[in-house]
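Chemist: curious how this folds, go ahead:
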Amino acid sequence: MSRTIILVTVRGRPDLTRNCLRHLIARTPRGERDIVVVDNGSRDETLDMMYSLFRRGDIYRILMNHVDTVPQWQKSYAIHQAVHMLRMETYDYFAWIDNDMEVETGWLDAARTILTARPDIQVCSVHEDAEQLKNHPMIVETDIAGHRVRLKETCNGALWVVRREFFDMYGLPPLGMGITGTGAEDWYYSRMFQERHIPFAVLMGYSVHHGRSKSARKVVMREKKC
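Modeler: This is a model prediction of the structure:
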């Protein structure tokens with residue numbers, strides 16, 4: 001049986017975080033996944049909620065960064081921390097998800113099926129909406145192992161599934177880039193894969209994105225422009 005580490009990156013927004021974790025726990029078979037949470041300096045009830053889930057065994061590992069100590073609070077830093085924390089662990093796939101996403105039943109099995117069927121594909125994104133279709137144009141829509149998939153040159157990083165060896169092959173996302181409009185992990189891997197002609201597989205129908213209007217990144221970017 002394949003084991004997947006699922007990283008949830010968190011910074012406040014307790015209602016969205018609660019909803020994200022609730023659906024992950026309910027809609028992903030326990031024996032096939034372990035949920036790891038990295039908190040990037042929440043200042044609210046988020047911490048108590050996550051400790052409660054940890055004590056119940058719903059969260060496998062939890063890492064709390066002190067407020068104002070994280071040099072980059074986007075996913076890039078959390079991915080670094082999670083990969084290093086799990087370096088002695090045995091697992092087959094690694095996934096990361098923003099805390100404003102909600103998954104549907106079958107999402108993980110579908111993503112792993114696509115990665116198994118197409119060894120040339122390195123990333124299966126389980127996030128597609130109108131905004132992402134506009135920002136990341138489609139190359140072709142196709143069927144892979146019975147799943148409707150859009151192949152793209154670039155891809156939003158809100159919910160990705162990769163093989164364990166992904167970071168050994170392509171490196172961890174860069175740090176120290178500050179707040180960018182697309183996110184460091186998006187443009188870093190997109191640029192690399194464009195150069196190597198490696199498509200992204202975007203799986204449709206298995207997630208909902210709730211938090212665009214409440215995006216912490218966009219709030220800070222708006223404040224910077226004022």
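Chemist: ok, the closest residue to Asp120 other than its chain neighbours - contacts?
Modeler: Leaving aside its sequence neighbours, Asp120 sits nearest to Ile198 (Cβ to Cβ, 6 or more residues apart in numbering; 7.0 Å). In short, each C-beta sits where N, CA and C put it, glycine included. Contact analysis of Ile198 by Cβ atoms under 8 Å, 6 or more residues apart in numbering lists 120-122, 192.
Chemist: repeat for Ile144
Modeler: Taking Cβ under 8 Å, 6+ apart, one finds 113-114, 117-118, 201 in contact with Ile144.
Chemist: just among those residues, which is most surrounded?
Modeler: Using other Cβ atoms under 10 Å as the neighbour test, those are led by Ala201, with 25 neighbours.
Chemist: secondary structure class for that one?
Modeler: Following DSSP: H, G, I helix; E, B strand; the rest coil, the label given to Ala201 is strand.
Chemist: dump the residue contacts of it.
Modeler: Ala201 neighbours (Cβ under 8 Å, 6+ apart): 114-115, 118, 121, 123-125, 144, 149-151.
Chemist: now for the residues you listed: which two are most distant?
Modeler: Maximum pairwise distance among those (Cβ to Cβ): 15.3 Å, between Leu115 and Arg150.
Chemist: the residue nearest to Asp120: what secondary structure?
Modeler: Assigned state for Ile198: coil (three-state reduction, three-state DSSP).
Chemist: related to what we said a few turns ago, can you tell me which of the contacts of Ile144 are in helices?
Modeler: Among those, the members falling in helices (DSSP state H) are 113-114, 117.
Chemist: next, Met169: phi, psi?
Modeler: With angles defined as degrees, to the nearest 10, Met169 sits at phi -80, psi -40.
Chemist: how close does it get to Tyr188?
Modeler: Noted for Met169: a distance of 14 Å to Tyr188, by Cβ to Cβ, to the nearest Å.
Chemist: these two: which is more packed in?
Modeler: The neighbour count for Met169 versus Tyr188, taken as other Cβ under 10 Å, is higher for Tyr188 (20 against 9).
Chemist: next, that one: phi, psi?
Modeler: According to degrees, to the nearest 10, Tyr188 has phi -60, psi -50.
Chemist: got it, and Val140?
Modeler: Backbone torsions for Val140, taken as degrees, to the nearest 10, come to phi -160, psi 150.
Chemist: tell me how far it lies from Glu153.
Modeler: As defined by Cβ to Cβ, Val140 lies at a distance of 11 Å from Glu153.
Chemist: neighbour count winner among those two?
Modeler: Shown here are Val140 and Glu153; by other Cβ under 10 Å, Glu153 has more neighbours (16 against 9).
Chemist: how about that one: what's its closest non-neighbour residue?
Modeler: Using Cβ to Cβ, 6+ apart, the closest residue to Glu153 is Gln194 (5.3 Å).
Chemist: am I right that that neighbour is in a helix?
Modeler: Yes - assessed by three-state DSSP, Gln194 belongs to a helix.
Chemist: how deep is the nearest residue to Lys75 once chain neighbours are set aside tucked in, by neighbour count?
Modeler: With Cβ to Cβ, 6+ apart as the measure, Thr9 is the residue that lies nearest to Lys75, at 4.8 Å, once sequence neighbours are left out. Residue neighbour count, defined by other Cβ under 10 Å, stands at 23 for Thr9.
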